[in-house]
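**Q** here is the input, now give the coordinates:
(one chain, ligands or ions: 1)
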Amino acid sequence: MTEAIDAELAEALSHVVDPELGTDVVTLGMIRAAVREGSTVRVELALTIAACPLRSQLQGDVERALRHVPGIESVEITTVAMDREERAALMSIARREAQQRPIRSSVPPTARVLAVVSGKGGVGKSSVAVNLAVSLARRGARVGLLDADIWGFSVPRLLGLDDKLEVRAGKMLPIELPLDDGLLKVVSMGFLSGEDEAIMWRGLVLNRAVQHFLEDVAWGALDYLVVDLPPGTGDVQMGLARMLPHSELLLVTTPALAAQKVAGRAADMARRGHLRVAGVIENMSSFVCDHGEEYALFGSGGGERLAEEIGVPLIGQIPIDAAVAAGGDEGRPVALDSTSPSGAVFAAIAELIATEIAPAVEMSNCSAILFGLAREAVSAPS
Ligand code: ADP
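**A** All right, here's what the predicted structure looks like:
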């Protein structure tokens, strides 16, 4: 039985969504208890499958949500495994919720969603998103790249693609690019065929357009979904937070103080949407001339200061490099060549993300039963 949870804790916990079932942990009855003792909350979290790797993700999310509650300084979580009856009750709630929920994202629940954001345009956000996606794929991952910059899309140009999306069985198929052992699956407004369709899409509220990309694209299996978000802190960002509450933000900034301030605003937005900021990437860090001398053309230390301010790691610093711009212009991202200085930096960033910051969810030791049930819940007739 769930004990009564005070309203403030329940509100905070209602933002924690089970990634498989897409419903919050309070509604699903997974919070058996949440009791305050001074500035500590003790939580008993009931999990569907004790050994599932999603467990640590969920625990982290619970802790983060409760730490947002004023006066709470520490969170202690005990996990217990649900028995068969409790699981059945949870599945019937999940089924009901899935039917009521208007959004049915086709992004697999285990894909780690990395949303690349910046406070303002021109800091190299799209270049970072594309090169990061390429580097992750080159490491062997299956990587979706969603160009959610609906008006200012640049991903097709950066990858040298002018394909059109094919539609099969009512779903759009991403453009697939095999890269070494991995696979890149790309979707952008720029791939929509025909003026009519483009006009129809542009007529949609931006947020709806992104929703369509999440619902109506056959993403298939994915380890990562890298989302190139429009700059700023608008509706698309909040919409993504609502549609994919597991999105984690990568903040792109330049070393300049002003850029750092606006990127800080994006971090505030993340907090309001209860999204995790995974880290900061500083772009256009310094310029190294042919003689090896380094020039901080756009100032220095912005990325580090921002990362410190919001308490997240500085994941990497990409130099000002003509090869980044040239690669973009030629549609051959610099990350394709890991022997180039910037290509090597992107490879290192991808390695850090894949091994420490946001490792792909390894499902091999997780029972497939729950997935079957979840799929059944979503496809059940209403
Ligand atoms: P945003 O998405 O933030 O608007 P873009 O990725 O479109 O920014 O980059 C803006 C411009 O800066 C592009 O011309 C791009 O090629 C260039 N650029 C981005 N990063 C670098 C870099 N590290 N060195 C040199 N030029 C860069």
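**Q** where does pLDDT dip in the stretch 201-350 of the chain?
**A** Residue ranges of the stretch 201-350 of the chain with pLDDT under 70: 201-208, 232-235, 238, 258-260, 271-274, 296-299.
**Q** please read the previous query as pertaining to the stretch 1-150 of the chain.
**A** Ranges of the stretch 1-150 of the chain meeting pLDDT under 70: 1-4, 20, 49-54, 98-99, 101-104.
**Q** 90 instead?
**A** 1-7, 14-24, 47-61, 64-65, 67-68, 70, 80-110, 117-122, 148-150 (pLDDT under 90).
**Q** tell me which parts of it are close to the ligand?
**A** 118, 121-127 (Cβ under 6 Å from any ligand atom). For glycine as for every other residue, the C-beta is placed from the backbone atoms N, C-alpha and C.
**Q** how about those, which pair is most distant?
**A** Gly121 and Ser127 (12.0 Å; Cβ to Cβ).
**Q** more crowded one of the two?
**A** Ser127 (26 against 13; other Cβ atoms under 10 Å).
**Q** residue contacts, the more buried one?
**A** 158, 283, 324-325, 328, 333 (Cβ atoms under 8 Å, 6 or more residues apart in numbering).
**Q** surely Ser340 is in contact with Ala326?
**A** No. Using Cβ atoms under 8 Å as the test, Ser340 is too far from Ala326 to be in contact (10.3 Å).
**Q** of the two, who's got more company?
**A** It is Ser340, of Ser340 and Ala326, that has more neighbours when counted by other Cβ under 10 Å, with 17 against 11.
**Q** from Pro319, how far off is the more buried one?
**A** According to Cβ to Cβ, to the nearest Å, Ser340 and Pro319 sit 11 Å apart.
**Q** with Phe287 instead?
**A** 7 Å.
**Q** same deal with His15?
**A** Distance from His15 to Pro319, by Cβ to Cβ: 38 Å.
**Q** tell me the pLDDT of Lys185.
**A** Lys185 is assigned 98 on the pLDDT scale.
**Q** for it, give the beta-bridge partners.
**A** Gly144, Glu176 (DSSP bridges).
**Q** state the number of residues packed around it.
**A** For Lys185, using other Cβ under 10 Å, the count is 23.
**Q** the closest residue to Ser74 other than its chain neighbours pairs with what?
**A** Nearest residue to Ser74, sequence neighbours excluded (Cβ to Cβ, 6 or more residues apart in numbering): Thr40, at 4.8 Å. Per DSSP bridges, residues listed as beta-bridge partners of Thr40: Glu37, Ser74.
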